[in-house]
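J.: Would you be able to build a 3D model of this:
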Amino acid sequence: GGATGGGDAENEAEDELIFEESDDLFWVGIGKSADKKYLFIETSSSETSEVHYLDLTQEGRGEARQLECVAKRRRKVLYDVDHRDGEWLITTNWSGELVQEEEEESGVDEDEEDEDEDEKKDS
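T.: Okay, here's the model as predicted:
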């Protein structure tokens, strides 16, 4: 499934693909945040989810807008996202903390973190 930005059938040739899910086990849903400031594209299976968002307040400013991922999908982790009153609301079945920053930005690879924790346990 995929999502396109654009209007009606007459303008279909002008529509731009902004998201495509290639895994047949996942469905795609689209909606707006409670405050109407963000467009959400959620892809989910029965036990795993991933949410992307687009800031709708940037429209018309000539800036290239890209979807941002709230948290990359992790097996058996479901989460839901909303935004209202200037705050992000995230509910999840995962007992840890979801982090928005990308691995490249933090300079830390999740696998390295897990290895470091394992080494500390062995000490």
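J.: show me where this protein has strands.
T.: Along the chain, counting by DSSP state E, strands occupy 2-5, 16-20, 27-32, 38-44, 49-55, 68-69, 79-84, 87-92.
J.: Mean neighbour count added to these, as JSON lines?
T.: For the C-beta atoms, the positions are set from N, CA and C on the backbone; glycine is no exception. Listed next are the strands of the chain as JSON lines, based on neighbours: other CB atoms under 10 Å:
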{"stretch": "strand 2-5", "mean neighbour count": "14"}
{"stretch": "strand 16-20", "mean neighbour count": "12"}
{"stretch": "strand 27-32", "mean neighbour count": "14"}
{"stretch": "strand 38-44", "mean neighbour count": "19"}
{"stretch": "strand 49-55", "mean neighbour count": "20"}
{"stretch": "strand 68-69", "mean neighbour count": "13"}
{"stretch": "strand 79-84", "mean neighbour count": "17"}
{"stretch": "strand 87-92", "mean neighbour count": "12"}
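J.: which stretches of the chain have low pLDDT?
T.: 1-13, 59-64, 96-123 (pLDDT under 70).
J.: could you redo the last one with a cut-off of 50?
T.: For the chain, the stretches with pLDDT under 50 are 101-116, 120, 123.
J.: Show the contacting residues for the closest residue to residue 67 other than its chain neighbours.
T.: Closest residue in space to residue 67, ignoring its immediate chain neighbours: residue 52 at 4.2 Å, by CB to CB, 6 or more residues apart in numbering. Residue 52 is in contact with 19, 40, 41, 42, 43, 67, 68, 69, 70, counting by CB atoms under 8 Å, 6 or more residues apart in numbering.
J.: Apply 10 Å and report the result again.
T.: 3, 18-19, 28, 30, 39-43, 66-70, 81 (CB atoms under 10 Å, 6 or more residues apart in numbering).
J.: so how far is residue 84 from it?
T.: 18 Å (CB to CB, to the nearest Å).
J.: Same check on residue 91?
T.: 13 Å.
J.: Residue 65 against residue 54, yeah?
T.: Yes. Look at residue 65 against residue 54 with CB atoms under 10 Å: they come within range, at 5.9 Å.
J.: Many thanks, I have nothing further to ask.
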